[in-house]
Structure formats: C-alpha cells, structure tokens
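> show me how the following folds:
(one chain, ligands or ions: 2)
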Amino acid sequence: MSQLDTDILIIGAGMSGLNFAIRLQQLYPHSSYRIVESASDLGGTWSVNTYPGCGCDVASHFYSFSFALKPDWTQKFALQREILEYFRDVAERYGVTRHIEYESAVQKATWDENYGVWVVEILDKKTGVSRLVRSRVVVSAVGALSIPKKCEIQGVAEFKGRLFHSARWDHDFDWANKEVVVIGNGCSATQFVPILSNGSTKTNYIVIRKAAKKVTQFSRQPHWIAERPNPVYSSLFKWSMRYIPLAMRLYRFWLYADMEKDFFGFYLSTGGKIRRDLTNTRIEYMKRTAPVKYHAALTPATEIGCKRKVNDTDYFDCLHNDNMELVWDDPVTTITETGVRTKSGRELYADAIILANGFETQKVLYPLSSEIRGEGGVSLDEHWDKLSNGLPQAYYGTCVSSFPNFFVMMGPNTTTGHLSVIYSTECQVNFCLRVLKPILQRRSPLLSRTPQLDSVCVTPEAEKRDNAWIQNLSKDLVWSSGCTSWYIDNKSGRNTMLYPDWQFKYWWRSVFVPTSRDFVYRRSVKDVGGSGPGEKRNRRSSWNGVVVLASVVGAVGLGTGIAFGSVKISGDIDDLLKDILSELKGVRESVLGSLKSVL
Ligand SMILES: Cc1cc2nc3c(=O)[nH]c(=O)nc-3n(C[C@H](O)[C@H](O)[C@H](O)COP(=O)(O)OP(=O)(O)OC[C@H]3O[C@@H](n4cnc5c(N)ncnc54)[C@H](O)[C@@H]3O)c2cc1C
Ligand SMILES: NC(=O)c1ccc[n+]([C@@H]2O[C@H](COP(=O)([O-])OP(=O)(O)OC[C@H]3O[C@@H](n4cnc5c(N)ncnc54)[C@H](OP(=O)(O)O)[C@@H]3O)[C@@H](O)[C@H]2O)c1
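Ligands and ions are numbered 1, 2, ... in the order given. As a prediction, this is how the structure comes out:
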C-alpha cells in the first residue's frame, strides 16, 4: 500500500464539517485533515438556500458555535446572508479555509482492513478527473436536508415555464407581475411566499422586486404555525453582549433552557396539557391574523409537535392580499405545458412553478450510501437492509458497526424538533473526538510500549441496543402519534431522524462515552506509509523516547539561551519547541490516563 494522504478526511464544508475541523485542530493539532466540498463555497445549507426570506428559526445566539459566539447578530433570527457570513468568518478565523478542496465530490470510500485506512475516490469537478486519497478516518458531513425531493406530479417534464426547488432558487426569475404556483407549505414556503406576494426589499432578498401578479399555493396538510416576532437588536444590546462578562453566555443559556423545556410537551402520556395550551395559543393567533376563509385550511388535525414547527414570517398576514390564494382541498394532479391541472379539473396558468416540497431525509447519506463500503466490502445500504429493513440507524446517530473509523454528522436520530442542529452536531463532534482519542493522541513512548492503535469500530451489540432504546422511547413521543413528517419513515412509522430524549442528555452521552464497553480498538496487520503526520507519528515511535529526553535537556538549554539572548527563535526552533511541548503533553496524558485507570 502506498502513502497515507491524511489522517482525517471530512466530506462537506457546511456547518458540521467546519465544526469537526475546528474542534479537531484544537484538540489534536498534530493531526492532518482535509475537507472535500463538492460546491464552490462553504456553508452547505446556508450557501445553497438563497430563496427570498431564508433564515433560521432558532435564535442566532443559540444557532451558532459555542466556541465562536457572535455578539453583534443584527436580529434575533438571522437571515441566510448573515448566517453564511458567520460561517465564512469562523472558517477564516480558525484557519480552516485552506484545508478545503472545493468542487471536489467524494464518490466512493472503501475500507482497507489490512492497512486500516479508507481509500476515497474524489472527482475533481473542474477537470472531470478522479483521484484516490487514503485517509485513516472519514467523517461524513453531507447534511440531512440537502437533497431536494423530486417532483412526483405527472407531466412535470412538459412544463415550458420556469420550474425550480426552493433550495435551488432561480435568481434570474423576476416574479414581478408574474403568475406563480407554489407546491408545499413547510418552513421554506412559509418564508418566501409572503415575499413573492408583497414584493422584496434589500433586507429579505438580494434585489428589490415588485409583487407577483398572482401566487397560488397548494398545501396538503396544514402545520401548526407559531407567532414569531423577529426584533432587531439595538446597539446597546450588542454592546452588552460584547462587553458585559458572561452576558452572552447567560443569554444563550436562557435561549437553550426556553427551547429545551418544550420537550416536556413531546411525551404522549404526560405532555397532553402542554400541547393543549400550545394548540389553543396557535389557534387564537391564527384566527386573529389569517383570513376567516382559510381558518379551516390552517387548522391541523395532527398533534402539535408531531411535525416540525413552522414560524410565522408574515405568512398569515399575506393571505389577506388580493394576489394570494391558498388551495388545500383541490390538489394538483398534472403539470401541463402552461401550468397545472387540479383534481377538480381546474386549469391554472403559471409563469413559474416553485417546489417547496421538502428534502430527501429518509435516505441518509444518499447517494453515497451505496458507495461507502466497510468491512467485507458491505455498503451502508446493504448493512441497513440487513439490520433495519433498509432504514438508516447508527450508534449515537454517528457510528455504524462494520464501518471502522467512520463517523456520520447529522446522522440518523440526531436532529431535534425543538433545539439547534448546531448544538447536537457539537455533541457529536465531542463524542467522535473522544472515541478517536486512542488513535489520534500522541502518546509518550517512555511510558507506553504497546503499538499505536489505528482503528475503532462500534460493536454490533451496542448499535443494536442503542437503536432498540431509541425506537422504544419514540413510542411514547408525539412523533409517533400518527402524522407524516420528514422525521418518520411513512411506511413503517419508524422514527429515523429525531433523538428521542432531552438534548442535555445527548450532551451528557458525548462526555461519558463507554468506549471500552461499546467500541473495539485495533492495530492493523500492515503499516501504511505516508507523508502525513499520522505516518510521522508511527515512524518515530521507536526512538521517540530518546527524542523526548534529548528534547527536555535541549529545551532547558534552549530556554536558558533565549533568556540570555544568545539564541534567536527562528521557524525551526519554534517548531522544535512545539514538538517538545507536544511530547511533554503526551507524557502528562499517559500519566493521568494510568492514574485514572487505577483509581
Ligand atoms: C432552509 C433551511 C433552514 C434551516 N434552518 C435551521 C434552523 O433554523 N435551525 C436548525 O437547527 N437547523 C436548521 N436547518 C437544518 C440545517 O440543515 C442544519 O442546521 C445545518 O446547516 C446542516 O449543516 P451540515 O453541515 O450538517 O449539512 P449541510 O449544510 O447540508 O452541508 C453539507 C455539505 O456537504 C457537501 N457535500 C454533500 N455531498 C458531498 C460529496 N459527496 N462530496 C463532497 N461534498 C459533499 C454539500 O455540498 C454541503 O456543502 C435548516 C435547513 C434548511 C434547509
Ligand atoms: N429555519 C427555518 O425556518 C427553516 C426554513 C426552511 C427549512 N427549514 C428546515 O428544513 C426542513 C424542511 O422544510 P421545507 O419547508 O423545505 O420542507 P417540509 O417541511 O418537508 O415541507 C414540505 C411541505 O410540502 C408539502 N407537499 C409536498 N408535496 C406536496 C404536493 N404535491 N402538494 C402539496 N403540498 C405538498 C408537504 O405536505 P405534507 O405535510 O402533507 O407532506 C409539506 O408540508 C424544515 O422542517 C426545517 O427543519 C428550516
């Protein structure tokens, strides 16, 4: 086997990929990593979703990294451009950008058991040429709400006007005075429909556009829509966040606690009163704000909390506009050359049809799931076919048995219906870096003579146990009350997306990982050569002890030299000092590790 190219390969430069990279370089600075990104920009969701009004529905002070707080968010729920700027800024500040290979798509990854490495095939989209990269660890950060659902309405290919998905917004399309049909009524549609109907401003869209002539929105099932003011933060507030010690942390904690408490309402057995109160509040708000003719259409028959929450972004208000029509009882059956035909036979002309019909969420890692092959050449799809009727599952939503050194961000049962995905991803990253510690840590050869381990895999029993627990707990949660949503596999009713417990417990699990019970660590039978730090680590291990001793002696001498001004620090000496410090850290960790296992 030829060289190891990198210690860690991260697929995707969205929020999760950046999160993993930053924490990795903070905890294991000697590990090499690459981020392979198929798009030409970082940010994932926030770079791709550019529809008018796109923004987050978790307050930005909580929808941001705990290690990179931002005191000057302009408003409570930031819009797409500000969020994307935030991720760009964080990536730049933490030196991650130079590790990203843009327009490079991972096509395949195969586990080589002999050498304990992943052999990853990457397509350079600019040249059309593929290459192989050998990495010790692969982290999938490809997202879960990234592949737009196909339009399954018959005749879609016949349409002569513009047809696009909300997550692939056609910015050349000027909706002013045009007739637009919108299919769907989830979070995405609720954000952009009011802007089509009212016209855009520079604040909620990149260009100012007049109102559409007609917006006809087709819905299937209503959502419980919540009132959600979006105050702009004052200068004083931003100043307080920046300069008053702990103010921003406390505000963040308050936001967290306020959202986390919603979990009480998710219990089918005990959350009934909370859900009834919330239902009454929503109905009262809807009746106060939306036109009477739509009250029935806007009242869901499902339990509140069963589908993902949708916030009102002037949506109810815009339903009063003369150019707005909501159709809920006469679905589109055919797309024609000029528009749509409904079940009742109504023909509607459309200059554009905008699909806001959601994402492929039940196909975790699709289309890579058939191309990622672990032990025995088995693909993720084949693994799930065998173990869980084709539905995705993982231990802690992150590790899959038979797929050593492979970690899935935003994996099965990791998302939440009430908190921030950034929070859960941070927990996942902490979890992974703990699991990877025996592989990534630099150990002192003075204290440990055993060879460095190079692979880790969750046991099948642990994976099975965790998923039985998830499905068991899900039975008493509101998501199993009978609605359809992107959390649930419609056929089986199985919860594939949500973590069925409090999010603070998810964090707790990321701190106390039962590695010795649930994971198996190995040393591969063959050594991989390489130019990366992983290789450097292996090659040096036999004489590292000598280096440590020499370094300590050298450091004392060097320190004296620097103190007395006879030695000037150059790049090389700086590197040497870093090495010495890193080795000493290794000694300390080994000592503490031994003590811990004794005590
Ligand atoms: C419109 C919208 C609004 C949302 N708002 C919220 C919110 O308010 N709060 C919340 O908690 N969550 C929200 N979410 C969920 C959101 O997806 C996550 O919060 C988060 O941004 C996901 O980040 P990610 O990095 O895991 O995935 P993504 O952002 O989807 O990034 C995945 C990246 O992987 C790349 N990639 C994929 N396949 C490959 C491949 N084969 N090779 C190389 N690169 C690849 C993609 O190009 C992309 O850049 C929202 C989702 C959407 C769609
Ligand atoms: N921060 C935010 O505010 C924000 C914004 C956008 C997205 N998001 C995230 O992304 C997720 C997906 O949001 P989304 O709005 O893109 O998708 P979604 O929540 O899956 O909503 C899609 C909607 O389209 C409807 N639909 C599908 N096909 C239809 C058809 N043929 N005719 C009529 N209606 C049809 C669905 O109806 P049924 O319910 O009947 O299936 C569903 O209500 C959200 O849940 C959220 O997590 C967040």
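
> what sits against the residue of the stretch 101-250 of the chain found nearest ligand 1?
Nearest residue of the stretch 101-250 of the chain to ligand 1 (C-beta to the nearest ligand atom) works out as residue 143 at 2.1 Å. All C-beta spots, glycine's among them, are computed from the backbone N, C-alpha and C. Residues counted as contacts of residue 143 (C-beta atoms under 8 Å, 6 or more residues apart in numbering) are 12, 14, 16, 44-45, 410.

> which one (most neighbours) among those residues?
Greatest neighbour count in the contacts of residue 143, by other C-beta atoms under 10 Å, goes to residue 16: 31 neighbours.

> show me what contacts that one?
Residues in contact with residue 16 (C-beta under 8 Å, 6+ apart) are 44, 141, 143, 409-410, 425, 428-429.

> and it, what pLDDT?
In this model, residue 16 is scored at 98, pLDDT.

> so it: helix, strand or coil?
Look at residue 16: counting by DSSP: H, G, I helix; E, B strand; the rest coil, its state is helix.

> returning to what we had before: among the contacts of residue 16, which are in strands?
Among the contacts of residue 16, no residue falls in strands (DSSP state E).

> go through the residues you listed and flag which are in helices.
Judged by DSSP state H, the contacts of residue 16 include 425, 428-429 as members of helices.

> can I get those in a markdown table including pLDDT?
Listed next are these as a markdown table, based on pLDDT from 0 to 100:
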| residue | pLDDT |
| --- | --- |
| 425 | 98 |
| 428 | 98 |
| 429 | 98 |
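
> what does the stretch 401-550 of the chain put close to ligand 1?
Within the stretch 401-550 of the chain, the positions near ligand 1 by C-beta under 6 Å from any ligand atom are 409-410, 420-421.

> just flag the most distant two among the residues you listed.
Between any two of these, the greatest separation by C-beta to C-beta is 14.0 Å, found for 409 and 420.

> the two: who's more crowded?
Taking neighbours as other C-beta under 10 Å, residue 409 and residue 420 compare with residue 409 leading, 28 against 22.

> what's the burial count for residue 335?
Residue 335: 23 neighbours (other C-beta under 10 Å).

> I figured it hits residue 155, correct?
Yes. Assessed by C-beta atoms under 8 Å, residue 335 is found in contact with residue 155 at 4.2 Å.

> contacting residues around the helix or strand where residue 473 lies?
If you go by DSSP states H and E, residue 473 is part of helix 460-474. Under the contact criterion C-beta under 8 Å, 6+ apart, helix 460-474 has outside partners 387-388, 393-396, 399-402, 413, 480, 494-495, 498-501, 517-519.

> apply 10 Å and report the result again.
For helix 460-474, the external contacting residues (C-beta atoms under 10 Å, 6 or more residues apart in numbering) are 383, 387-388, 391, 393-397, 399-402, 412-413, 457-459, 480, 487-488, 493-496, 498-501, 509, 514, 517-520.

> just the ones of the residues you listed in helices?
383, 387-388, 509, 517-518.

> which of those residues count as buried?
Buried members of the ones in helices among the contacts of helix 460-474, counted by 16 or more other C-beta atoms under 10 Å: 383, 387-388, 509, 518.

> biggest separation within those, which pair?
Across those, the longest distance by C-beta to C-beta is 22.5 Å; it joins 383 and 509.

> for ligand 1, see how far away the residue of the stretch 251-400 of the chain found nearest ligand 2 is.
As assessed by C-beta to the nearest ligand atom, ligand 2 sits closest to residue 358 within the stretch 251-400 of the chain, at 2.6 Å. As judged by C-beta to the nearest ligand atom, to the nearest Å, residue 358 and ligand 1 stand 9 Å apart.

> for that residue, which non-adjacent residue is closest in space?
Using C-beta to C-beta, 6 or more residues apart in numbering and skipping the chain neighbours, the partner closest in space to residue 358 is residue 149 (5.1 Å).

> show me what contacts the one you found?
Taking C-beta under 10 Å, 6+ apart as the criterion, residue 149 is in contact with 165, 167, 184, 355-361, 486.

> how about 8 Å then?
Each residue near residue 149 by C-beta under 8 Å, 6+ apart is listed here: 165, 355, 357-360.

> report how many residues lie close to residue 362.
Per other C-beta under 10 Å, the neighbour tally for residue 362 reads 20.

> that one is in what secondary structure piece?
Using DSSP H and E, residue 362 sits in no helix or strand.

> okay, it: pLDDT?
Looking at residue 362, the pLDDT reads 80.

> spatially nearest residue to it (excluding sequence neighbours)?
Going by C-beta to C-beta, 6+ apart, residue 362 has residue 489 as its nearest residue, at 5.6 Å.

> ok, the one you found - how many residues close by?
For residue 489, the number of neighbouring residues by other C-beta under 10 Å comes to 18.

> measure it to residue 496 for me?
For residue 489, the distance to residue 496 equals 5 Å [C-beta to C-beta, to the nearest Å].

> and for those two, which residues touch both?
Both residue 489 and residue 496 are contacted by 362, 391, under the criterion C-beta under 8 Å, 6+ apart.

> around ligand 1, pick out the residues from the chain.
Within the chain, the residues that sit near ligand 1 (C-beta under 6 Å from any ligand atom) are 11-17, 36-39, 44-45, 49, 54, 56-58, 63, 105-106, 141-143, 145-146, 188, 368, 409-410, 420-421.

> now which of the residues you listed would you call buried?
Looks like those have 11-17, 36-39, 44-45, 49, 54, 56-58, 63, 105-106, 141-143, 145-146, 188, 368, 409-410, 420-421 buried, using 16+ other C-beta under 10 Å.

> starting at the chain centroid, how far to stretch 281-294?
Chain-centre distance of stretch 281-294: 34 Å, with C-alpha atoms, centre = their mean, to the nearest Å.
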